[in-house]
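1. dropping a prediction and its sequence here:
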Amino acid sequence: MPNTDSERDLLLRAAEHALAWLDGLDARPVATTATLAEMRARLGRPLADRGVDAAQVIDELVADTEGGILGSQGGRFFAWVIGGGAPSAMAADWLTTVWDQNAGIHACGPAASVVEEVAAGWLKALFGLPEEVSLGFVTGTQMAHATCLAAARHAVLKGAGWDVEAKGLAGSPPIRILANAERHGSVDRAVRFMGLGSDNIEPLATTDGQVSPEALGAALSASRTPTIVALQAGELNRGAFDPFAALAPMARAAGAWTHVDGAFGLWARTSPAHRDLAHGIELCDSWTTDCHKYLNVPYDSGLAIVRDAAAHRAAMTLSTSYLPAGGAARDQIDWNPEFSRRARGFPVYAAIRELGRDGVAGLVARTCRLAQVLVDGLGGLPGVEVMVRPTLNQGVVRFRSPAAGATDADHDRHTDETIAAICASGEAFFGGVTFQGRRCMRISVCNWRTTDEDVARTIEAARTVLLRNS
């Protein structure tokens, strides 16, 4: 085992490698350059009988992964809603690793428990949510959906006279889920996790990504079955927001629980310029979001937020004789589905302190502006069709084939080829999506490192590819 001095040297060595990675972000290709076969060949050593010096392990790990680390930390990554690591958040995450606290209960890590408690209060204030809401720190929006839907399941079945935690789902009243037809697939996956069955999801028709009050009203009146309504703040491609101020009171009047997928869109509430997009969202019953998106903390960091704290706790909590009860302290196990878990509240706490309310608002506003500049700049290039101009940080463009008599299939193929060529250039990274039946390039901007210069460099890279392929 290493001694204290070698441990110190090893951590310093890792820090040098990490800083070299960060220093090279601007010059390094954004896309990976190593093939799957190369990664397997380098990393796929046979399991040895004898161990290897720790410094050698770290040095070889860095060397062997060269070309296989995606440059999503950098300012020209636009494929998915992935933030970079804010400086204080990365530093706090390193400390989290060294402190190695089990953030399952207060007794295992008192500071970790209190940090989550304080950060939860700050987050409620940033989002403008009711003071009484409870908040669980989870891995991401996927598990946040599962956590919130567990609370919703508890509440709607309790209203029907059924204790789901004691009796399970066998023999329980059925639950139907009314959901925005353009929802993210993580909602359906969470429905499966909760044993509610994807067949019980009834899609609500949308216009421009939004559920209308008429559509929800008709669905609610069709049955008095215990109901969960799943809406969204920030649709994947258009960034659309459901009209919460109209829909949430309708659902509540019908005895339904309203859940919101706010993976990135909930952060609009922090920006005065974008807050009205999520008008009325505070009227809903549960919300999800990710801090590794707009708050730019390292992975993994999601939030499950529930208005009915008693339902949230009933769905999650565990009590055994060998676990000391927190008493007045906050036991994290009461609010998330994990037992042993990383103290992921430290980076969130640090990022919010570093930015403050104005800094968070400014980050959202700036990335939204840059998304518009990027989409407009691409739209000014020959053969580029703007499908969605951002209202938040999401945009969609399409590349039309220059071939005479080109068909939709030709445009689809040309779009995918153009995306691949831009990524292969190393200058920027985008992803494709099928939007309204056509292949398009989706644009997401939420990294604190992204600058006007990054956007200009990206537009020029696209121009070069289009000229070469015209």
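-> Structure's in. What do you need?
2. for the chain, what's the longest helix?
-> For the chain, the helix reaching the highest residue count under DSSP state H is reported as helix 345-379.
3. in it, what's buried?
-> 345-352, 354-355, 359-361, 363-378 (16 or more other C-beta atoms under 10 Å). C-beta coordinates here come from the backbone N, C-alpha and C atoms, glycine included.
4. hey, where'd the strands end up in the stretch 301-450 of the chain?
-> 302-306, 384-388, 394-399, 431-435, 438-444 (DSSP state E, counting those that start in this stretch).
5. what does the average pLDDT come to for the second one?
-> Read it as strand 384-388. The average pLDDT within strand 384-388 is 98.
6. now swap in stretch 152-160 and tell me
-> Here the average pLDDT along stretch 152-160 is 98.
7. quick one: contacts of it?
-> For stretch 152-160, the external contacting residues (C-beta atoms under 8 Å, 6 or more residues apart in numbering) are 163-165, 172-173, 175, 194, 196, 226-228, 255-257, 259, 285-286, 308, 311, 314-315.
8. rerun that using 6 Å as the cut-off
-> 164, 172-173, 194, 226, 228, 257, 259, 308, 311, 314-315 (C-beta atoms under 6 Å, 6 or more residues apart in numbering).
9. drop anything exposed from these.
-> Buried among the contacts of stretch 152-160 (16+ other C-beta under 10 Å): 164, 172, 194, 226, 228, 257, 259, 308, 311, 314-315.
10. can you list those in CSV and add distance to A79 and pLDDT?
-> Output for the buried ones among the contacts of stretch 152-160, formatted as CSV (distance: C-beta to C-beta, whole Å; pLDDT from 0 to 100):
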residue, distance to A79, pLDDT
V164, 39, 98
S172, 41, 97
M194, 30, 97
P226, 39, 97
I228, 31, 98
W257, 33, 98
H259, 27, 98
D308, 37, 98
A311, 37, 98
A314, 39, 97
A315, 34, 97
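11. A63: which of these is nearest?
-> M194 (43.7 Å; C-beta to C-beta).
12. restricted to helices, list the contacts of stretch 152-160.
-> 164, 311, 314-315.
13. and of those residues, the nearest to L204?
-> Using C-beta to C-beta, these come closest to L204 at A311, 23.4 Å.
14. show me the contacts for V98.
-> By C-beta under 6 Å, 6+ apart, V98 lies in contact with nothing.
15. and the residue most central in space within the chain, what does it touch?
-> The residue lying closest to the centre of the chain (C-alpha atoms, centre = their mean) is D290, at 4.2 Å. Residues near D290 by C-beta under 6 Å, 6+ apart: 140-141, 263, 302.
16. can you rerun that using 10 Å?
-> Neighbouring residues of D290 by C-beta atoms under 10 Å, 6 or more residues apart in numbering: 81-83, 138-142, 144, 262-264, 266-267, 297, 299-303, 446.
17. now those: which count as buried?
-> For these, buried by 16+ other C-beta under 10 Å: 81-83, 138-142, 144, 262-264, 266-267, 297, 299-303, 446.
18. before we move on, back to that, look up phi and psi at the residue nearest to the centre of the chain.
-> phi -120, psi 140 (degrees, to the nearest 10).
19. can you name the residues bridging to it?
-> With DSSP bridges as the criterion, D290 is bridged to G302.
20. so what pLDDT did it get?
-> Note on D290: pLDDT of 98.
21. list the ones among the contacts of D290 that fall in strands.
-> 138, 302-303 (DSSP state E).
22. for V384, give its distance to V81.
-> 22 Å (C-beta to C-beta, to the nearest Å).
23. tell me which helix or strand E202 sits in.
-> strand 201-204 (DSSP states H and E).
24. would you mind listing the buried residues in that strand?
-> 201, 204.
25. from the contact counts, what lies against it?
-> strand 176-180, helix 185-193, strand 210-211, helix 213-221, strand 227-232 (3 or more C-beta pairs under 10 Å, 6 or more residues apart in numbering; DSSP states H and E).
26. and that strand, how far from the chain's centre?
-> Distance of strand 201-204 from its chain centroid, counting by C-alpha atoms, centre = their mean, to the nearest Å, is 23 Å.
27. which residues are contacting it?
-> Counting by C-beta under 10 Å, 6+ apart, 176-183, 187-188, 191-192, 210-212, 215-216, 218-219, 222-223, 227-231, 242, 247 sit against strand 201-204.
28. of those, buried ones?
-> 176-180, 182-183, 187-188, 191, 210-212, 215-216, 219, 227-231, 242, 247.
29. residue farthest from the centroid of this structure?
-> Most remote from the centre of the chain, using C-alpha atoms, centre = their mean: A404, at 41.3 Å.
30. which stretches of this structure have low pLDDT?
-> Residue ranges of the chain with pLDDT under 70: 1-5, 325-326.
31. so who does A246 touch?
-> Here A246 is in contact with 211-214, 216-217, 279-280, 283 (C-beta under 10 Å, 6+ apart).
32. let me know the closest of the residues you listed to A456.
-> For those, the closest approach to A456 (C-beta to C-beta) belongs to H279, at 33.9 Å.
33. can you tell me the closest non-neighbouring residue to the closest one?
-> Leaving aside its sequence neighbours, H279 sits nearest to A245 (C-beta to C-beta, 6 or more residues apart in numbering; 5.3 Å).
34. next one: the one you found from E282, what distance?
-> For A245, the distance to E282 - C-beta to C-beta - is 9 Å.
35. next one: T97
-> Plainly put, T97 is 35 Å away from E282 if you go by C-beta to C-beta.
36. burial measure for E385, as a count.
-> The number of residues packed near E385 is 15, by other C-beta atoms under 10 Å.
37. what's the nearest residue to it if we skip its chain neighbours?
-> R398 (4.5 Å).
38. so who does that neighbour touch?
-> Applying C-beta under 10 Å, 6+ apart, the residues near R398 are 383-388, 411-412, 414-415, 418, 435-436, 438-441.
39. would you turn the buried ones among the contacts of stretch 152-160 into CSV with distance to P324?
-> Output for the buried ones among the contacts of stretch 152-160, formatted as CSV (distance: C-beta to C-beta, whole Å):
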residue, distance to P324
V164, 28
S172, 34
M194, 30
P226, 36
I228, 35
W257, 33
H259, 33
D308, 26
A311, 25
A314, 21
A315, 22
